[in-house]
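1. Below: sequence and its predicted model.
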Amino acid sequence: MKDFGDLDTLWQEDSKYSRLRSMIATYLKRHKNEKIVLFSYFRATLDYLHERLAEDGISSIVLKGGGVQSKDDIIEAFSDPDGPTVLLSSEVGSEGIDLQFSRVLVNYDLPWNPMKVEQRIGRIDRLGQKANTILIWNLFYENTIDSRIYQRLHERLGIFKYALGGFEAILGEEIQKLTLNLLLGKLTPAQEEDRIEQTAQAIENTKKNEEELEQEAAHLVAYGDYILNQVKAARQLHRWVSGKDIETYVFDYLKLNFTGCEIIKAKDEQVFNISLTNEAKQDLEDYIRKNRIEGRTGFILNDPSPIKSKFENKVDLAGKSKIEVINQSHPLVRWISSKINQQDDHYYPAVTVTISKEHFNNKIADGIYVFTIQHWSIEGIQEFEKLNYSAVNFDSNIALTEDDSELLITQAAANAKDWLEAINTVDLNKVLVLANEKCLYYSDLRYDEFVKDLQNQNEDRADLQERTLDWHLQNQLAKLEEVKKKHIIAGRDSLVKATEGRVNALLNRFHRKKMEIAKRRKIISNKNEICVGIIKVS
């Protein structure tokens with residue numbers, strides 16, 4: 001095993017922590033009653049800082065996912081004038097919370113995506129901030145990838161001077177490519193700097209192109225929609241849906257609704273040979289043509305040969321491979337989704353299965369479990385979808401944690417076998433009680449918290465969109481005012497009136513866009529039970 005050093009040495013020689021302690025101590029001497037917000041991506045780092053700050057007489061509280069205290073309780077404790085001085089937060093605190101009572105933010109480590117940094121800054125740089133200025137400290141070791149990212153990318157984009165607005169999709173794509181190159185470990189420091197510079201230039205060029213488009217007033221409204229549609233297309237794919245989920249989704253639908261379709265696993269376990277019936281091909285082709293679905297697919301060809309396919313949870317994939325990749329935006333998946341939505345009564349199955357304990361590495365005990373699955377969806381500035389899993393032990397009536405419930409159910413979906421004897425073995429009345437009073441009860445509690453968090457995040461995004469919109473409006477008005485002055489000086493009265501007409505049209509589009517953002521500030525949430533069942537682990 002590679003030697004990463006020991007904790008005692010770190011405790012004595014951690015220059016980064018020493019710098020943090022010195023900065024905080026100096027600041028608090030001058031501003032005794034102020035609060036400091038610190039972000040770190042790593043949960044273990046937060047625990048480490050919490051312990052070290054306590055030793056140095058600086059009180060702190062930790063905000064991270066899966067903690068004993070709720071997010072609201074932690075923020076309330078931190079905001080108390082007599083409460084902790086420092087909030088140590090993971091990325092869970094970068095959206096949906098108000099910390100405007102603090103004016104100091106520490107980035108103990110910097111996300112490579114500047115939009116993530118902007119979200120952190122947005123916790124204190126928001127309406128209600130009474131301070132004239134806010135203070136942002138960024139900590140990183142010299143001569144590291146992090147320092148090169150900061151100097152070549154963050155400073156280049158001016159992330160600490162102004163909001164980047166609606167560039168999440170652009171940033172996300174470029175940063176993903178950059179991350180892959182840097183983490184391969186094949187670049188020299190000079191090559192790393194060149195690669196980071198290329199990314200900054202690519203983002204800057206795209207940003208410039210978008211701003212040039214906006215010089216035409218007609219693009220003012222369309223701009224925000226373009227970015228949102230790009231984000232919407234991803235549907236939080238990397239976070240919520242796996243390739244296995246898509247595989248199961250497609251298999252189950254074709255098996256139930258289009259008898260004759262063949263799905264055969266190839267020698268490579270990740271590849272399948274899929275053949276659709278002529279009926280399915282024609283229905284799919286009609287759907288693609290009617291809805292003008294983008295993306296090529298071999299599933300509508302007249303060639304009866306099976307299509308080599310694999311299921312991936314990636315949105316953008318190279319199209320040169322002979323293997324067709326089926327992701328969430330693939331025409332086949334979108335067609336199936338539309339067919340299900342057209343059904344008057346959605347089929348939500350009740351299942352009874354059995355699975356070997358070998359699939360759980362001792363994380364799930366032997367026994368019988370009742371489970372439910374809910375589908376959650378949120379519509380607002382963005383759209384979110386999530387599956388929530390809940391399970392309870394049949395004999396002890398003890399509920400599993402959310403993570404263990406998901407592990408149990410997803411492994412069962414992938415590896416379990418039908419348990420036909422369950423109907424004669426298990427008390428179904430008790431199953432019904434546990435499903436309703438335990439599983440769905442806990443899911444409903446988590447759903448309420450989910451909706452609350454997403455509403456807060458939605459407000460943040462609406463604020464950011466409005467700030468961006470205001471900036472673009474003022475920019476356009478200033479340019480039109482210059483044009484108008486030139487026409488006035490030259491005595492071109494007809495062009496003065498025409499320019500005034502352009503200003504009025506711009507203002508009308510601006511107010512319409514404002515109304516649209518205001519309308520989408522209030523999210524629309526929905527939940528549905530999509531499966532209930534029994535799992536036997538033995």
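-> Arrived safely.
2. those helices in the stretch 51-200 of the chain, which residues are they?
-> Shown for the stretch 51-200 of the chain, the helices assigned by DSSP state H, counting those that start in this stretch span residues 71-79, 114-121, 145-149, 155-157, 168-183, 189-213.
3. beta partners of the closest residue to residue 298 other than its chain neighbours?
-> What sits nearest to residue 298 in space, not counting adjacent residues and going by C-beta to C-beta, 6 or more residues apart in numbering, is residue 307, at 4.7 Å. Where you see a C-beta, it was placed from the backbone N, CA and C, and this is true even at glycine. Under DSSP bridges, the beta-bridge partners of residue 307 are residue 274.
4. Wait, residue 307 touches residue 296, no?
-> No. Assessed by C-beta atoms under 8 Å, residue 307 is found out of contact with residue 296, at 11.6 Å.
5. Comparing the two, which shows the higher neighbour count?
-> Set residue 307 next to residue 296 and count neighbours by other C-beta atoms under 10 Å: residue 307 wins out with 19 against 10.
6. Check that one and give its pLDDT.
-> Each residue has a pLDDT score; the one for residue 307 is 89.
7. ok, it to residue 301 distance?
-> When distance is defined by C-beta to C-beta, to the nearest Å, residue 307 is 8 Å away from residue 301.
8. same check, this time on residue 362
-> Distance, residue 362 to residue 301, by C-beta to C-beta: 48 Å.
9. more neighbours, the two?
-> residue 301 (12 against 7).
10. quick one: that one and residue 285, what's the gap?
-> 10 Å.
11. Can you show me the strands along this structure?
-> Applying DSSP state E to the chain gives strands spanning 36-39, 60-63, 86-89, 104-107, 135-138, 262-265, 272-275, 307-311, 324-326, 350-355, 367-379, 383-393, 417-418, 524-537.
12. Check which helices and strands the lengthiest helix in the chain is in contact with.
-> Counting by DSSP state H, the longest helix found in the chain is helix 440-490. Contacts defined by 3 or more C-beta pairs under 8 Å, 6 or more residues apart in numbering; DSSP states H and E place helix 440-490 against helix 219-234, strand 367-379, strand 383-393, helix 493-519, strand 524-537.
13. make it 7 Å
-> Packing partners of helix 440-490 (3 or more C-beta pairs under 7 Å, 6 or more residues apart in numbering; DSSP states H and E): helix 219-234, strand 367-379, strand 383-393, helix 493-519.
14. Compare the ones you listed and say which comes out lowest on pLDDT.
-> For the helices and strands packed on helix 440-490, where the average pLDDT is lowest is helix 219-234, sitting at a mean of 34.
15. where does the stretch 301-450 of the chain have low pLDDT?
-> 313-321, 341, 343-349 (pLDDT under 70).
16. swap the cut-off to 80 and go again
-> 313-322, 328-329, 337, 340-350, 382-385, 414 (pLDDT under 80).
17. now the stretch 51-200 of the chain
-> Counting by pLDDT under 80, the stretch 51-200 of the chain has low-confidence residues at 65-70, 91-98, 100, 110-134, 140-200.
18. contacting residues around residue 353?
-> Residue 353 makes contact with 412, 416, 417, 418, 419, 533, 535 under the criterion C-beta atoms under 7 Å, 6 or more residues apart in numbering.
19. Mind checking which of those are buried?
-> 412, 416, 419, 533, 535 (16 or more other C-beta atoms under 10 Å).
20. Mind putting these into JSON lines with distance to residue 526?
-> Output for the buried ones among the contacts of residue 353, formatted as JSON lines (distance: C-beta to C-beta, whole Å):
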{"residue": "412", "distance to residue 526": "26"}
{"residue": "416", "distance to residue 526": "29"}
{"residue": "419", "distance to residue 526": "31"}
{"residue": "533", "distance to residue 526": "22"}
{"residue": "535", "distance to residue 526": "26"}
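21. Looking at the residues you listed, spot the one nearest residue 396.
-> Closest approach to residue 396 among those (C-beta to C-beta): residue 535, at 14.8 Å.
22. partners of that closest one in the sheet?
-> If you apply DSSP bridges, the partners that residue 535 bridges to are residue 353, residue 369.
23. what separates it from residue 410, distance-wise?
-> As judged by C-beta to C-beta, residue 535 and residue 410 stand 11 Å apart.
24. re earlier: and the strands of the chain as JSON lines, adding distance to residue 448?
-> Listed next are the strands of the chain as JSON lines, based on distance: least, C-beta to C-beta, whole Å:
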{"stretch": "strand 36-39", "distance to residue 448": "26"}
{"stretch": "strand 60-63", "distance to residue 448": "19"}
{"stretch": "strand 86-89", "distance to residue 448": "22"}
{"stretch": "strand 104-107", "distance to residue 448": "29"}
{"stretch": "strand 135-138", "distance to residue 448": "34"}
{"stretch": "strand 262-265", "distance to residue 448": "39"}
{"stretch": "strand 272-275", "distance to residue 448": "39"}
{"stretch": "strand 307-311", "distance to residue 448": "33"}
{"stretch": "strand 324-326", "distance to residue 448": "34"}
{"stretch": "strand 350-355", "distance to residue 448": "25"}
{"stretch": "strand 367-379", "distance to residue 448": "11"}
{"stretch": "strand 383-393", "distance to residue 448": "12"}
{"stretch": "strand 417-418", "distance to residue 448": "35"}
{"stretch": "strand 524-537", "distance to residue 448": "10"}
